[in-house]
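Undergrad: Need coordinates for the below:
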Amino acid sequence: MEYVNLGNSGLRVSRLCLGTMNMGSKQWKPWIYDEKESEPIIAHAFESGVNFIDLADFYSSGENEAVCANVLRRIAKRDEIVVATKVGYPFGGGQNNQGHSRLHLEKALDGSLKRMKMDYVDIYMLHYYDLTTPVEEFWETMDSFVRKGKVRYLACSTMMSWQFAKIYYTAEKNGWQKPVNMQLQLSAAYREEEREMIPFCRDARVGISAFSPLARGILSCDFSSNRNTTDFFTHEMFGDAVSKEIALSVNRVAKRYGVQPAQIAQAWVLQHSGVDVMLVGADTKDQFNTALAALEMPKLTPEDLYEIERNYTPRDHINDYNADCRIPRNTRPAKAPYDK
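TA: Numbers count the residues shown, from 1 in each chain. The predicted structure follows:
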C-alpha cells in the first residue's frame, strides 16, 4: 500500500480509501450489504493496508455509519484509522433536517458521532454546496467543530469550482480551518473536473480524492450487473452511447493486458496527476484486489491512453443543480493498435 499526506496537512492516508455507499441497510437500496456481509470486505481492505474509510449520514439513512463503525471497533484500533463522514443531504423530515445551516450541522455531527460511538471524526465533509445558507454561517460552524475537538480536519465534495474557491478564501480571510481535501467524481467517463477544480486544488495544495472510478459500474463492462440494472443514477449519469463506447475502449485495453476492465479503469484514475486517493466501493474481496492490482500496474502507454480517452468530449457537470441535463457527444476514430 502507498500512503500520502492529504493536501497541505500532516494527515497520512492510504492511496486507496474504502468507499461504503454499498454498506448499511437493504431497505435503502436493493444492492446494499448489511453488517454481516460488509465485515469481510472492510476487514480485507484494512488487512491490505488501507487506513482510510469514507462514510455519510445520508447512506442508508444513518445505518451506514452505524454498521461500518460496528465493524471497525472489532477489527481496528481507533487511532490507526482515518474515518471520514459527510453531511448535507436530507436526513429525516422537515425543512431544517438538510443543508448546511448551523442548526442542521450541529445536530447532524452529534448524530453521526452517536451512531458511530466515537468521540471525534477525523474528516468531516460537506456532501455538496448549499446555495440557501451563507458560506460564513456554515464554514464558521465547521471551523467550530475543529476547535471543540469533535472533528480533526474539514473537507468538501461534489461542487462547482467557484463554490469551493468561495469556501477556501472565506476560511482564509477569517482565519478559519481550510478544507484539506476535495472529494470529486473522476473516471475515464467523467472528466469535467480536469478543467478547473483539479488545477485549483493543485495550486492551493488541497488534497484530491476521486470517487466512482468505474463510473458507477459501467467501466467494469458488466452491463447486466445488479448495480448497473437497478441503480437509477447509473442510467441518469452514464446511460448515453458515448459512455458505453468509453467502456468498450477500456475493455479493449484490458484485453491487451489480460486483466479485468475495472483494473484498467482504476489504473487510469490512480495514474492521473490530479489524484491523491481513489475511493474503492467493493462488493467482494476480489473486487478490492482489482484495485490493489491497479495501484501496482505499470504506467499505461500513450497508445493505451488514446484508446481510453478518444471517445470523451465535453459534457454536463454531474452535481445537484443540473439533473437530467445531457449534452450530445460524438466519438473519435480508433488508432493503432486498437483500430483492428
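
Undergrad: any chance you could map the helices in the stretch 101-250 of the chain?
TA: With DSSP state H, counting those that start in this stretch as the definition, the stretch 101-250 of the chain shows helices at residue ranges 102-116, 135-147, 161-174, 197-204, 226-230, 232-238, 241-257.

Undergrad: give me phi/psi at residue 54?
TA: Listed backbone geometry of residue 54 is phi -120, psi 120, with angles given as degrees, to the nearest 10.

Undergrad: pLDDT weak spots in the chain?
TA: In the predicted model of the chain, residues 223-236, 319-330 satisfy pLDDT under 70.

Undergrad: and the helices of the stretch 101-250 of the chain as TSV, adding distance to residue 191 and mean neighbour count?
TA: (Glycine included, C-beta is placed from N, CA and C.) Supplementary listing: the helices of the stretch 101-250 of the chain in TSV, determined by distance: least, CB to CB, whole Å; neighbours: other CB atoms under 10 Å:
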stretch	distance to residue 191	mean neighbour count
helix 102-116	32	19
helix 135-147	27	18
helix 161-174	14	16
helix 197-204	9	17
helix 226-230	20	15
helix 232-238	13	17
helix 241-257	10	19
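
Undergrad: if we compare the ones you listed, which one ends up closest to residue 272?
TA: Closest to residue 272 of those is helix 197-204 (CB to CB; 8.4 Å).

Undergrad: so the closest one versus helix 161-174, what angle?
TA: Orientation check (axes from the mean of the first three to the mean of the last three CA atoms, to 10 degrees): helix 197-204 against helix 161-174 gives 20 degrees.

Undergrad: Let me see the residues that make contact with helix 197-204.
TA: When contacts are defined by CB atoms under 8 Å, 6 or more residues apart in numbering, helix 197-204 is touched by residues 7-8, 161, 164-165, 168, 182, 184, 206-208, 274.

Undergrad: where do the strands sit along the protein?
TA: Secondary structure of the chain (DSSP state E): strands located at 3-5, 12-14, 16-19, 52-54, 82-87, 121-126, 151-157, 181-185, 207-211, 277-280.

Undergrad: middle-most residue in the protein, spatially?
TA: The residue at the geometric middle of the chain, judged as the C-alpha nearest the mean C-alpha position with CA atoms, centre = their mean, is residue 211 (2.8 Å).

Undergrad: who's that one bridged to?
TA: For residue 211, the beta-bridge partners under DSSP bridges are residue 185.

Undergrad: these two touch, right, it and residue 187?
TA: No - taking contact to mean CB atoms under 8 Å, the distance of 9.0 Å between residue 211 and residue 187 leaves them out of contact.

Undergrad: thinking again about what came up before, and the contacts of helix 197-204, which two are furthest apart?
TA: Longest distance between any two of these is 18.1 Å, between 8 and 161; criterion CB to CB.

Undergrad: which one is residue 184 nearest to, not counting chain neighbours?
TA: The spatial neighbour of residue 184 that comes closest, neighbours along the chain excluded (CB to CB, 6 or more residues apart in numbering), is residue 193 at 4.8 Å.

Undergrad: Help me confirm that that neighbour comes into contact with residue 183.
TA: No - using CB under 8 Å, residue 193 is not in contact with residue 183, being 10.6 Å away.

Undergrad: Between those two, which has more neighbouring residues?
TA: Shown here are residue 193 and residue 183; by other CB atoms under 10 Å, residue 183 has more neighbours (25 against 22).

Undergrad: for the more buried one, what are its contacts?
TA: Residue 183 makes contact with 54, 125, 155-158, 208-211, 279 under the criterion CB under 8 Å, 6+ apart.

Undergrad: Put together CSV for the residues you listed, with distance to residue 70 on each row.
TA: Rendered in CSV, the data for those read as follows (distance: CB to CB, whole Å):
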residue, distance to residue 70
54, 16
125, 21
155, 24
156, 27
157, 24
158, 27
208, 30
209, 24
210, 27
211, 23
279, 21
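
Undergrad: Let me know the closest of these to residue 135.
TA: When the contacts of residue 183 are compared for distance to residue 135 (CB to CB), residue 156 comes out closest, at 11.2 Å.

Undergrad: For the closest one, the count of nearby residues, please.
TA: For residue 156, the neighbour count with other CB under 10 Å is 25.

Undergrad: all numbers from here: first residue = 813
TA: Got it, the first residue is 813 from now on, which makes the last one we talked about residue 968.

Undergrad: Okay, and the beta partners of it?
TA: Each beta-bridge partner of residue 968 is listed here: residue 938, residue 994, as defined by DSSP bridges.
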